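Asker: Need a 3D model of the following:
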Amino acid sequence: MADVSYVIAGSESTGGAGIQADLRTFAQLGTYGVGTLTCVVSFDPKDGWGHRFVPIDGSVIADQIEAATTAHEPEVVKVGMLGTPATIDVVADALAARTWRHVVVDPVLICKGQEPGAALDTDNALRSRILPLATVVTPNLFEAATLAGMDSLTTIDDLAEAAKRIADLGPRHVIVKGGVGLAGPDAVDVVFDGTEITVLSAPKVGEERVSGAGCTFAAATTAELTKGADVLDAARTAKQFTHEGIVGRLASHVPFDAVWRRG
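Answerer: Numbering: from 1, shown residues only. Okay, here's the model as predicted:
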């Protein structure tokens, strides 16, 4: 069923990121979105909008995956926030049990609602169990530096080196997103296909991070892959789509804006 884009990710209760942004992106790019929830993140307005993180029981996640994949037989899946090693095990087992045309992984390494030790355990489980199943992985600067074992990424050459190191962990394509974190007037990403590096660039829209940009980019890539695009073309469309969403950003009472592609 080529029109179905599937996502396994967490809920972000203000709507700016997570599965809410994913399903919205799928719809705007013309695919039928199906989602499985792994956890619920809700910012606490009484405590500086800090994170509250609640994982969903593994058996409930497995049930959702069984229902979604049996009903629709999706060929392309995006994996977003998983949150705990137990969740990662459930999702990895489910992914490995099926044949996928593409597995797009947005490697959310840290949830601020977790203790540091639990976050490290989650990072290690993601690296060992999920990344080898990925055909496309879309880390931001922090995630790419962590996965590549590099102290920091400050140049395009650094992005390219990180992409090559991450590819050694299993993914066939690596898209390292420079975003606003790389110096200069442009938001620069690199795409590594196992052989060649391609640089994608667009003017920055301010210097502040916008909630949901990473989710939206990976979801847009997923939607385009669902429709049959190759990875590089999907990444180009996703970058343009996300850029438009940053331009059209939505303000709220939360102390950061959210990506919103209007129309």
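
Asker: isn't residue 140 right up against residue 182?
Answerer: No: with contact defined as CB atoms under 8 Å, residue 140 does not count as touching residue 182 (10.6 Å). (Glycine included, C-beta is placed from N, CA and C.)

Asker: Show me which of these two is the more surrounded one.
Answerer: Ranked by neighbour count (other CB atoms under 10 Å), residue 140 and residue 182 place residue 140 first, with 23 against 20.

Asker: so who does that one touch?
Answerer: Each residue near residue 140 by CB atoms under 8 Å, 6 or more residues apart in numbering is listed here: 176, 177, 179, 181, 214.

Asker: Please identify which of those residues is nearest to residue 90.
Answerer: Set against residue 90, the nearest of those by CB to CB is residue 214 (22.7 Å).

Asker: OK, contacts around the closest one?
Answerer: Here residue 214 is in contact with 17, 106, 108, 138, 140, 177 (CB under 8 Å, 6+ apart).

Asker: where's the first one relative to residue 259, distance?
Answerer: Going back to what we said before, that points to residue 17. Distance, residue 17 to residue 259, using CB to CB, to the nearest Å: 8 Å.

Asker: any idea which helix or strand comes after the strand or helix carrying residue 202?
Answerer: Here residue 202, judged by DSSP states H and E, is contained in strand 197-203. Next in sequence after strand 197-203, counting helices and strands by DSSP H and E, comes helix 213-226.

Asker: Can you give the contact residues for the strand or helix carrying residue 237?
Answerer: Here residue 237 sits within helix 231-247, counting by DSSP H and E. The contact list for helix 231-247 (CB under 8 Å, 6+ apart) reads 25, 28-29, 102, 135-136, 173, 175, 187, 189, 191, 193, 198, 200, 202, 205, 210, 212-213, 216-218, 220-221, 224-225, 229, 259-261.
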